[in-house]
Every structure is written in structure tokens, then in C-alpha cells.
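Trainee: output the structure for:
(one chain, ligands or ions: 1)
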Amino acid sequence: MSAAVVLMAYGSPDRLEDVPAYYADIRGGRPIRPDLLEDLTARYRRLGIEDRNPLNEITERTRAALQDELGLPVFTGMKHWTPRIADAVETALAGGAETLVGLVLAPHYSRLSIGGYRAQLQEALADRAELLFVESWHDDPGLVGFWAERLRGADAHVVFTAHSLPARILDEGDPYRDQLLETARLVADAAGVAEWSFSFQSESPTGEPWLAPDVLDHLEALHAQGIERVVLAPIGFVADHLEIRWDLDTEAREKAEELGIDLRRIEMPNDEPGFVAVLAALVRRALAVRSTA
Ligand code: FEC
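Mentor: Residues are numbered from 1 along each chain as shown. Purely as a prediction, here's the structure:
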């Protein structure tokens, strides 16, 4: 039975001129305020995507490394940009794959996040091959150990962060926040970090309440408690992208400077061999569970 992997990522515009179409895809047909589009374009310009996007290159390097590690074909499918998840499915099927392992480069399940990737994948596949979907891997021992290595010996208050989502997900019984807190607790325990807290980041101005506290408010609260050194650990993400480079490295850094907090951030996993080994183990486990079922 030949297998292939569809490795899914959020996606990022290739060039500055792609930003309006990319934002329209994220909004899914809902209107876009011109000032927000202008602001988003300015953030991408500051990241230097005039001609090429270094963030998509990280995803490609991760894909290639995972393919080498597994000895199986791995195709990238983006949720909001190209190559689309549907493109990855077609390429995999054209290559003769009879089983697809769907793995999202985001470890925590929410209906609004992983649920959306899954829906795109299932729709494109239309039952033309077997699908093994990795739903969440927030407590995977390999992932926990990887992050713990980054934090061992931290001599500062650790703030774990993740993307915020509309707060209504809690009323719907969504596991997202609980899974994030679980990862934070497991990583802190494994790294021997005694002093830590959790905050959200990257909230969008959609007109409804989002999960709080936001990292910028949280830094103010820590400052008020007399905390002077903070390490950010963005465990809700696995790669360098806009939400890391802008929301943390630019906005949170500016806030920390204003407050006199010494702020650092741990490095993202990206395509590091140790992290690629974690991804490969998830794929192997999905295939092994199927073959013993
Ligand atoms: O580097 C890049 O170019 C892409 C960075 C990027 C990542 C990412 C991850 C997540 N998002 C999640 C949820 C939402 C919800 C909305 C939303 C909006 C945006 C916008 C941009 C954007 N997101 Fe994102 N997200 C990234 C980028 N995201 C750009 C639109 C402008 C803005 O608000 O700044 C609100 C949609 C709406 O308007 O209705 C909800 C979640 C994740 C983490 C899981 C994952 O990676 O899939 C959840 C990376």
C-alpha cells in the first residue's frame, strides 16, 4: 500500500502584491477594512517579502527534510495560499498514493483551526484514498522534550504564548485552550521551569471578544508584579512567520523596552533535525496504528 504525507501549513503570500488576495482568502469572502489591509501590507513589507518570502522557504525546507527522513513522498498543502491543500492531494494521488497521512504544522486542535485544514483535505480527497489524519499532537513526548531543551536552565519568568481565537470557542467545548495549557505545563515540568504563565497573541480585530490575556497586556501585568526578565516560548507555533517576527519580535519587544523588561524569545523549531524527527515519528505512528488496527 503506497503512502504519502500531506504536510499542511497556514501559508504566507509569496510577494507583497499577493497580500490582498491572501487576506481575502483568510476572510473567506467577508469584507476587508482598507486600513487593515494597508496595515497588513506594511507588516509584510517590514518582513522583507518584496520579491520572495523567506517564511514559505522554511516550510519547503521542512517538507524536504521530512521526506528524506521518512523515505516517503511529502507534499506541502497551504490553508490560505499556494500550493493549496487540494493541490497537494492531487499531486499525491497522481503519484499513486493509496494512503494519505494528513499532518498540520500546528499541534493544538481547534474546530476553527485544525478542523478547517481537515475539512479542506477531506473535501479535496473525496474518499479517493485512505486518510490518516493527525488531529493533535500537543502532548507528544517528542515535542514536549524538544521545547523543554530550549527552556532548561531559563533564568527568567517564562511566558508561553499561542495564537488567540474568538472566546466563543469555549462555550462550544473546544479543546484548544486546555491543550495549550497542557503543553505549557508538560514543557515547564520537563524543563524544571518553576515560574511561568500563559498568554495569547495575534488577536484580529473582528469585533468579538478573543481569548485573553493578550501578551502585550500580560507584559504590563508582569511588570506591575516586579518581574524584570521574561523569556517568550511560543509553543502554539512551530516556525518563524509573521506572528513570531512581527507580533513578538517587533510589538512585544517594543512593549518590553517601554516597560524596562529584559525580553528574550526561544528559537522556533523550523526545519531543525530534532524537530523533523518529531514530525516523522507522528507520521510513522499514524501508519503503524492503521496497520495494527
Ligand atoms: O507568516 C505568515 O505569513 C502567516 C502567519 C500566520 C500564522 C497564523 C496562524 C494562525 N491563525 C489562526 C487564526 C486566525 C483567525 C484569524 C486570523 C487572521 C490572520 C491574518 C493573518 C494571519 N492570520 Fe492567523 N495566522 C497567520 C496570519 N488567524 C495575516 C489576517 C490579518 C490579521 O488579523 O493580522 C481571523 C480571521 C478573520 O478575520 O475572521 C481566527 C490560528 C493560527 C495557529 C494555527 C495555524 O498555524 O494554523 C488559530 C502562522
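Trainee: do a quick rundown of the helices in this protein.
Mentor: Taking DSSP state H to define them, one finds helices in the chain at 19-27, 34-47, 54-70, 85-94, 114-125, 141-151, 168-171, 176-191, 215-224, 242, 253-259, 273-292.
Trainee: would you list these in JSON lines and tack on mean neighbour count, distance to the ligand and mean pLDDT?
Mentor: C-beta here means a position set from N, CA and C on the backbone, and glycine is covered the same way. Shown next, in JSON lines, are these (neighbours: other Cβ atoms under 10 Å; distance: least, Cβ to the nearest ligand atom, whole Å; pLDDT from 0 to 100):
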{"stretch": "helix 19-27", "mean neighbour count": "16", "distance to the ligand": "5", "mean pLDDT": "97"}
{"stretch": "helix 34-47", "mean neighbour count": "14", "distance to the ligand": "5", "mean pLDDT": "95"}
{"stretch": "helix 54-70", "mean neighbour count": "18", "distance to the ligand": "5", "mean pLDDT": "94"}
{"stretch": "helix 85-94", "mean neighbour count": "20", "distance to the ligand": "12", "mean pLDDT": "98"}
{"stretch": "helix 114-125", "mean neighbour count": "18", "distance to the ligand": "7", "mean pLDDT": "98"}
{"stretch": "helix 141-151", "mean neighbour count": "18", "distance to the ligand": "15", "mean pLDDT": "98"}
{"stretch": "helix 168-171", "mean neighbour count": "13", "distance to the ligand": "10", "mean pLDDT": "97"}
{"stretch": "helix 176-191", "mean neighbour count": "19", "distance to the ligand": "8", "mean pLDDT": "98"}
{"stretch": "helix 215-224", "mean neighbour count": "17", "distance to the ligand": "14", "mean pLDDT": "98"}
{"stretch": "helix 242", "mean neighbour count": "19", "distance to the ligand": "3", "mean pLDDT": "93"}
{"stretch": "helix 253-259", "mean neighbour count": "15", "distance to the ligand": "17", "mean pLDDT": "98"}
{"stretch": "helix 273-292", "mean neighbour count": "16", "distance to the ligand": "14", "mean pLDDT": "92"}
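Trainee: I'd like to know which of these is closest to residue 76.
Mentor: helix 54-70 (4.9 Å; Cβ to Cβ).
Trainee: show me what the closest one is packed against.
Mentor: Helices and strands in packing contact with helix 54-70 are listed as strand 3-9, strand 74-78, helix 273-292; criterion 3 or more Cβ pairs under 8 Å, 6 or more residues apart in numbering; DSSP states H and E.
Trainee: mind giving me the packing neighbours of the longest one?
Mentor: Of the remaining helices and strands, those touching helix 273-292 by 3+ Cβ pairs under 8 Å, 6+ apart are strand 3-9, helix 54-70, strand 99-104, strand 130-133, helix 141-151.
Trainee: tell me which of those sits nearest to residue 159.
Mentor: Going by Cβ to Cβ, the one of the helices and strands packed on helix 273-292 nearest residue 159 is helix 141-151, 11.2 Å.
Trainee: and that closest one, how far from the chain's centre?
Mentor: Using Cα atoms, centre = their mean, to the nearest Å, the mean C-alpha position of helix 141-151 is found 16 Å from that of the whole chain.
Trainee: need the contact list for the closest residue in space to residue 240 that isn't next to it in sequence.
Mentor: Once flanking residues are discounted, residue 240 sits nearest to residue 268: 4.9 Å by Cβ to Cβ, 6 or more residues apart in numbering. By Cβ atoms under 8 Å, 6 or more residues apart in numbering, the contact set of residue 268 is 234, 237-240, 244.
Trainee: repeat for residue 150
Mentor: The neighbourhood of residue 150, defined by Cβ under 8 Å, 6+ apart, consists of 191, 233, 266-267.
Trainee: do the same with residue 249
Mentor: Contacts here follow Cβ under 8 Å, 6+ apart; on that basis residue 249 touches residue 265.
Trainee: let me know the pLDDT of it.
Mentor: We have a pLDDT of 97 for residue 249.
Trainee: from the ligand, how far off is it?
Mentor: Separation of residue 249 from the ligand (Cβ to the nearest ligand atom, to the nearest Å) stands at 12 Å.
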